[in-house]
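1. Fold the following, please.
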Amino acid sequence: MTEQTNSGGTGGRRRRAPLLITGVLALLVLGGAGFGYASYRELDANIEGVDINAQLGPQRPADVDDGSLDILVLGSDSRSGDNDAYGRDEGGARSDTAMVVHVHEGHKKASVVSIPRDTLIERPDCTDAHGTDVPGRRRAMFNTAYEVGGPACAVKTVEAMSGIRMDHYIEVDFTGFKRLIDELGGVEITTTEPIRDDKSHLDLAPGTHTLDGERSLGLVRTRKSVGDGSDLGRIQLQQAFMKAFVEQVKDVGVLTSPAKLLGLADAATKAITPDSDLDSVQELASFARGLSGIGAQNVHMITLPVAYDRIDPNRVVPLERQSGQVWKALKDDLPVPAAATEGTATGAADGVVR
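-> Presented below is the predicted three-dimensional model:
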């Protein structure tokens, strides 16, 4: 696959938030919000955290106190309610988007590793939110971890893959993501090729487009209409879209418009499910302020090094050596070496959206 290099866009004129958290990125503006008490309470009521510590148990990677942070970010694919409109080839709630975000010591740089949902992994034994034991499985698709065991199983699977303890978990709901984009007034992108996908409600000619929430959601979910039709190509679209999203958040003027800021914060807090350590506006705002020093030019985005599976070419498998290099770099709080992404499978969609 093609390595996704830094996310700088138009350079460093202003400090920008890292490309951390799909729709949750907008929460970084909360640190400067001067909301009244009633608005604050309303936003707080929007946030429903999830306590996954008890389900994870004691057998976890070591909690390393080196100043870095590791966050698992999932885009949930529940397909309930409004999400049904976007279709699915298989039923059930799954994680359609997964990113491990490593914030380096000093909180001035971040590395983001996207995990293809079709990656075949050894899923560990899990305990779901109801206390039910879920047996592990070999050659399971990565996104089934969320389906069978919820957030805790997704975290446990990532920790088993990486050997890295996740400090936080944040989930973004697709319908909430759509509403957040609409609250922003849309996101402007440029396409270099036609993108047509009836299931995703997309028909984009080459050129510049301002996408509303529905078409933005369609873009980050389409796969058959770009590149080789794989999830790898979709990840490249998602990463490119997030660059454009950062620019929109930066330029929309939310920091100087209280009404706009409140509407955006309302949509954002309704779109997310954080872990129980981040389940209030105060905690989220404090967390966001701690990351505000990361310039977009200092965010390195890659996809987990994989190869197409020999038995089922519709699936991918991690390349042991290269994936090991990625996880070791994050564990050691070092940049991911360029060699880790050389010679891996590519979705052939790099540059389709910018």
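2. number of nearby residues for residue 68?
-> By the criterion of other C-beta atoms under 10 Å, residue 68 has 21 neighbours. Using the backbone N, CA and C atoms, a C-beta is placed for each residue, glycine as well.
3. And the one 3 residues further on, by the same measure?
-> By the other C-beta under 10 Å criterion, the neighbourhood of residue 71 contains 24 residues.
4. So for it, what's the pLDDT?
-> Looking at residue 71, its pLDDT reads 95.
5. cool, and residue 292?
-> The model reports residue 292 with a pLDDT of 72.
6. Got the phi and psi for it?
-> Residue 292 has phi and psi values of phi -70, psi -10 when expressed as degrees, to the nearest 10.
7. where along the stretch 101-250 of the chain do the strands fall?
-> For the stretch 101-250 of the chain, applying DSSP state E, counting those that start in this stretch gives strands covering 110-114, 120-123, 126-127, 133-134, 137-141, 168-173, 187-191, 195-197, 202-204, 207-211.
8. right, and those - which one's nearest residue 41?
-> Among the strands of the stretch 101-250 of the chain, strand 168-173 comes nearest to residue 41, with 21.6 Å by C-beta to C-beta.
9. Compare the strands of the stretch 101-250 of the chain and give me the one nearest residue 225.
-> strand 195-197 (4.0 Å).
10. Direction included, what does that closest one pair against?
-> Using DSSP bridges, strand 195-197 pairs in its sheet with strand 202-204 (antiparallel).
11. got the angle between the least confident helix or strand in the chain by mean pLDDT and strand 187-191?
-> Least confident helix or strand, the chain: helix 231-251 with a mean of 77, by mean pLDDT, DSSP states H and E. Here the directions of helix 231-251 and strand 187-191 differ by 130 degrees (axes from the mean of the first three to the mean of the last three C-alpha atoms, to 10 degrees).
12. Now do whatever helix or strand comes next after helix 231-251: which elements does it pack against?
-> The helix or strand immediately downstream of helix 231-251 is helix 258-271, counting by DSSP states H and E. If you count contacts as 3 or more C-beta pairs under 8 Å, 6 or more residues apart in numbering; DSSP states H and E, helix 258-271 packs onto helix 37-46, helix 174-184, helix 281-291.
13. any weak-confidence spans in the stretch 251-354 of the chain?
-> 251-257, 295-296, 345-352, 354 (pLDDT under 70).
14. which residues in the stretch 51-200 of the chain form helices?
-> Taking DSSP state H, counting those that start in this stretch as the criterion, the stretch 51-200 of the chain carries its helices at 53-56, 144-162, 174-184.
15. Let me have those in TSV, extended by mean neighbour count and mean pLDDT.
-> Converted to TSV, the helices of the stretch 51-200 of the chain look like this (neighbours: other C-beta atoms under 10 Å; pLDDT from 0 to 100):
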stretch	mean neighbour count	mean pLDDT
helix 53-56	15	87
helix 144-162	24	95
helix 174-184	23	87
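16. For residue 225, give me the pLDDT.
-> 74.
17. if we can go back for a sec, between the helices of the stretch 51-200 of the chain, which one is nearest to residue 39?
-> Nearest to residue 39, of all those, is helix 174-184, at 14.9 Å by C-beta to C-beta.
18. Dump the closest one to CSV, restricted to CA.
-> Taking C-alpha atoms only, helix 174-184 is exported to CSV below (Å, rounded to 0.1, in the frame of the first residue of the first chain):
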residue,chain,number,x,y,z
PHE,A,174,-22.1,7.2,11.5
THR,A,175,-25.4,9.0,11.7
GLY,A,176,-23.9,11.4,14.2
PHE,A,177,-21.0,12.0,11.9
LYS,A,178,-23.5,13.0,9.1
ARG,A,179,-25.2,15.5,11.4
LEU,A,180,-21.8,16.9,12.4
ILE,A,181,-20.9,17.6,8.8
ASP,A,182,-24.2,19.3,8.2
GLU,A,183,-23.7,21.5,11.2
LEU,A,184,-20.3,22.5,9.7
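19. Now do that helix against helix 231-251, angle only.
-> Angle, helix 174-184 to helix 231-251, by the same axes, to 10 degrees: 40 degrees.
20. For residue 53, give me its contacts.
-> By C-beta atoms under 8 Å, 6 or more residues apart in numbering, the residues touching residue 53 are residue 276.
21. For residue 155, see how far away it is.
-> Applying C-beta to C-beta, to the nearest Å, the value for residue 53 to residue 155 is 10 Å.
22. Any buried residues in the least confident helix or strand of the chain, and which?
-> Residues 231-250 are the ones in helix 231-251 that count as buried (16 or more other C-beta atoms under 10 Å).
23. Show me what residue 97 bridges to in the sheet.
-> Assessed by DSSP bridges, residue 97 has beta-bridge partners residue 75.
24. No more questions from me, cheers.
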